[in-house]
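Peer 1: Give me a model of this one.
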Amino acid sequence: MAFDYASLRTRVEHGVLYATLDAGPLNLVGVDLVRDLVSLVDALNTEPAGVGVVVIDSASPEYFSAHVDLTAVPQYTAEAAKAGGPGDASLGMFLHKLAQVPVITIAKVRGRARGGGNELALACDMIFAARENAVFAQFECGTGALPGAGGLQHLPRRLGRHRAIEAITSADDFDADLAERYGWINRALPDAELDDFVERLAERIAGFPPEGVKAAKRTVNGLTLARPADVRSDAALFQSLINLPETRERLSYLAGRGLQELGEVETHLGRVLTEFRR
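Peer 2: Predicted coordinates:
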């Protein structure tokens, strides 16, 4: 089976599909990237021959994915709806479907994974990150909103109640070492070792008989994934909060400072969130 997308670069080697996010310098989760990810999930649900593991990484060493494209929420939501129909018209429900594909998925993170970019990584079965520059954050509370695409469900299950409340309500950046200690990610590795480690692990799993691997994933998902109703509720809350006047004011302030552009704001978003002044 061929995998051909506009904002994903793909290759298959030794039973592993490598899918590299290539949607501009920030890899914003927007219309094109969501469209391609929906197509990828559709292809994976057909259980293509020869693919047992998917590794998702980024063409940018500085941004795994900065966050969703805040200028195109209705448009990328419409693309996400194609994964499950109008009743599941949210990025969160699409990522919930990504979490359930019948292959193992691994996020290999270099650079910043914030907001929807972090939620994309959390939808994968494992996360490995470069110790030197990987950053994780759910920054939405800093604007007056909340994580609406899975972060609110995944992080309490991974971090526990106290650390999840810290991570979500502080809206702060967590480096790879701290994320590892908190249980946010599987491991932080030196950048020079990251590729080889993930490749060895992916090829190891891809080389096993697939039925046992798939059954194990289904069982773990059944014990740990959120209920669809809770994912839908988070998406609805996000949609309502993002349109509140105070949230719009803070997002406008950040846009004026350079949000969604390469530069100081996206590099140090955790700090910039605290600098809002009316």
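Peer 1: so which strand or helix has the most centrally placed residue in the chain?
Peer 2: Nearest to the geometric centre of the chain sits residue 120, at 1.6 Å (C-alpha atoms, centre = their mean). Here residue 120 sits within helix 116-123, counting by DSSP states H and E.
Peer 1: what comes up buried for that helix?
Peer 2: By 16 or more other C-beta atoms under 10 Å, the buried positions in helix 116-123 come out as 116, 117, 118, 119, 120, 121, 122, 123. Bear in mind the C-beta positions are built from the backbone N, C-alpha and C, glycine included.
Peer 1: how distant is that helix from the center of its chain?
Peer 2: Centroid displacement of helix 116-123 relative to its chain, using C-alpha atoms, centre = their mean, to the nearest Å, is 2 Å.
Peer 1: Next: stretch 42-61.
Peer 2: The answer for stretch 42-61 is 14 Å, by C-alpha atoms, centre = their mean.
Peer 1: avg pLDDT for that stretch?
Peer 2: Averaging pLDDT along stretch 42-61 yields 94.
Peer 1: Quick check: buried residues in it?
Peer 2: 43, 44, 51, 52, 53, 54, 55, 56, 57, 58, 60.
Peer 1: likewise stretch 179-191?
Peer 2: Buried positions in stretch 179-191, judged by neighbour count with 16+ other C-beta under 10 Å: 179, 180, 182, 184, 185, 186, 187, 188, 189, 191.
Peer 1: The fourth one: what secondary structure?
Peer 2: Okay, so that is residue 184. coil (DSSP: H, G, I helix; E, B strand; the rest coil).
Peer 1: Next one: it from residue 176, what distance?
Peer 2: Shown here: residue 184 relative to residue 176, a distance of 9 Å by C-beta to C-beta, to the nearest Å.
Peer 1: Overlap in contacts, these two.
Peer 2: Common contacts of residue 184 and residue 176 (C-beta atoms under 8 Å, 6 or more residues apart in numbering): residue 136.
Peer 1: packing partners for the worst-scoring helix or strand of the chain on mean pLDDT?
Peer 2: One helix or strand of the chain scores below all others by mean pLDDT, DSSP states H and E: helix 73-81, with a mean of 86. Helices and strands touching helix 73-81, by 3 or more C-beta pairs under 8 Å, 6 or more residues apart in numbering; DSSP states H and E, are helix 31-45, helix 91-98.
Peer 1: List the contacts of the first one.
Peer 2: Applying C-beta under 8 Å, 6+ apart, the external contacts of helix 31-45 come out as 1, 3, 5-8, 19, 21, 23, 27, 51, 54, 65, 69, 72, 75-76, 79-80, 82-83, 91, 94, 97-98, 101-103, 120.
Peer 1: Mind checking which of the residues you listed are buried?
Peer 2: Buried among these (16+ other C-beta under 10 Å): 3, 5, 7-8, 19, 21, 23, 27, 51, 54, 65, 69, 72, 76, 79-80, 82-83, 91, 94, 97-98, 101, 103, 120.
Peer 1: And the strands in the stretch 151-278 of the chain?
Peer 2: Along the stretch 151-278 of the chain, counting by DSSP state E, counting those that start in this stretch, strands occupy 174-175, 187-189.
Peer 1: Can you lay out the ones you listed as JSON lines showing distance to residue 146?
Peer 2: Shown next, in JSON lines, are those (distance: least, C-beta to C-beta, whole Å):
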{"stretch": "strand 174-175", "distance to residue 146": "17"}
{"stretch": "strand 187-189", "distance to residue 146": "26"}
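Peer 1: Pipe the ones you listed into JSON lines and attach distance to residue 224 and mean pLDDT per row.
Peer 2: Formatted as JSON lines, the strands of the stretch 151-278 of the chain follow (distance: least, C-beta to C-beta, whole Å; pLDDT from 0 to 100):
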{"stretch": "strand 174-175", "distance to residue 224": "21", "mean pLDDT": "98"}
{"stretch": "strand 187-189", "distance to residue 224": "19", "mean pLDDT": "98"}
